[in-house]
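> here is a sequence with its predicted model. Questions after.
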Amino acid sequence: MALDKPYKDIPGTTIFDADMARQGFALNQFSLSLMKAPNRERFKADERAYLDEWPMTEEQKQAVLDRDYNRMMALGGNVYFLAKIFSTDGLSFQHAASTMTGMSPEEYRDMMLAGGRSPEGNLYKEESNDGQD
């Protein structure tokens, strides 16, 4: 029996719960493997070959190759584990987070320094479309 998940109605938010942890287990284990220099070197030398060593779905592997962090999170990736990927690419957390929001790193920084995104008009998906699908 599936649990009611009212938090699925929050736009732009992926909640990492037990179901997501199960879905993204291999993706997150791959990400954690990049904590070791030899693994980072192998991944950088041939990303596809290294990814194929992990029992991820093809969609998860493609999201990694595309560096589509939003897709990785939708497929069970935990942002703190995914940080190992963008760190391997030499990117800061700020830079990677900006790509997830469609902003430049400077725009993202300025938004966060100003207090983050406004909740106005962003509270629930159903309210934004008046219940219309």
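Sure thing, it's come through. A quick note: this is a predicted structure, and the numbers were derived from the prediction, not measured.
> what sits against the residue nearest to the spatial centre of the chain?
Centroid check for the chain by Cα atoms, centre = their mean gives M73 as the closest residue, at 3.3 Å. Shown in contact with M73 (Cβ atoms under 8 Å, 6 or more residues apart in numbering): T14, F16, V79, L82. C-beta: built from backbone N, CA, C; applies to glycine.
> change it to 10 Å
By Cβ atoms under 10 Å, 6 or more residues apart in numbering, the contact list for M73 reads T13, T14, I15, F16, M20, G24, L27, A63, V79, L82, M100.
> ok, M111 - contacts?
S98, T101, M103, R117, S118.
> ok, M103 touching D110?
Yes. Counting by Cβ atoms under 10 Å, M103 does reach D110; the two are 8.8 Å apart.
> quick one, strands of this protein?
Using DSSP state E, no strands are found in the chain.
> where in this protein is pLDDT low?
Applying pLDDT under 70 to the chain picks out residues 1-2, 12, 119-133.
> what is the neighbour count of the closest residue to V64 other than its chain neighbours?
Leaving out its chain neighbours, the residue that sits closest to V64 by Cβ to Cβ, 6 or more residues apart in numbering is L51, at 6.1 Å. L51 has 18 neighbours, counted by other Cβ atoms under 10 Å.
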